[in-house]
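*Asks:* Pasting the sequence and the predicted coordinates here, then a few questions.
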Amino acid sequence: MISTHDHDEILAWAEPREAYAVKVVGKHEQAPDDFEPELGALRLGFMGYVGEETTEPMMWDEFFTVFDERGLTFYYREVDDDGNPTNDYRIE
């Protein structure tokens, strides 16, 4: 996987996939004890995928402010093992 902190690189990956910035609403059962639900975990949303009931859309500016404040890294793949475009990513 490729890792980046660069906002433009993240947008360049997200835009062709029609991904949008979201935060997770509420506390997931696997969240650490010190997780603050009002802050929400950052994720990307994709049209037509499940999870819309547990996420809240946010503006990219807000997403990147929180991303930077938390010192997060965006990991992604451009293509899968067969060379097909993929939406495979994670934020840590």
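*Replies:* That came in fine, so what should we check first? Residues are numbered from 1 along each chain as shown.
*Asks:* Packing partners of the helix or strand of the chain with the lowest mean pLDDT?
*Replies:* Across the helices and strands of the chain, mean confidence by mean pLDDT, DSSP states H and E is lowest for strand 55-57: a mean of 82. With contacts defined as 3 or more Cβ pairs under 8 Å, 6 or more residues apart in numbering; DSSP states H and E, the packing partners of strand 55-57 are strand 19-24, strand 42-46. Placement of C-beta: from N, CA and C, glycine included.
*Asks:* Adjacent strands (with direction) for the last one?
*Replies:* Strand 42-46 sits in its sheet next to strand 19-24 (antiparallel), going by DSSP bridges.
*Asks:* Give the rounded mean pLDDT of the strand it pairs with.
*Replies:* Strand 19-24 shows a mean pLDDT of 89.
*Asks:* what do you get for stretch 75-91?
*Replies:* So the average pLDDT for stretch 75-91 ends up being 91.
*Asks:* if we can go back for a sec, next secondary structure after the least confident helix or strand of the chain?
*Replies:* Next along the chain after strand 55-57, taking DSSP states H and E as the criterion, comes helix 60-69.
*Asks:* got the CA positions of stretch 57-66 in PDB?
*Replies:* The C-alpha coordinates for stretch 57-66 follow below in PDB (Å, rounded to 0.1, in the frame of the first residue of the first chain):
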ATOM      1  CA  PRO A  57     -20.800  13.500   5.400                       C
ATOM      2  CA  MET A  58     -18.400  16.300   6.000                       C
ATOM      3  CA  MET A  59     -16.600  18.900   3.900                       C
ATOM      4  CA  TRP A  60     -13.100  18.000   2.700                       C
ATOM      5  CA  ASP A  61     -11.700  21.100   4.600                       C
ATOM      6  CA  GLU A  62     -13.100  19.800   7.900                       C
ATOM      7  CA  PHE A  63     -11.900  16.200   7.000                       C
ATOM      8  CA  PHE A  64      -8.300  17.400   6.400                       C
ATOM      9  CA  THR A  65      -8.300  19.600   9.500                       C
ATOM     10  CA  VAL A  66      -9.200  16.600  11.700                       C
END
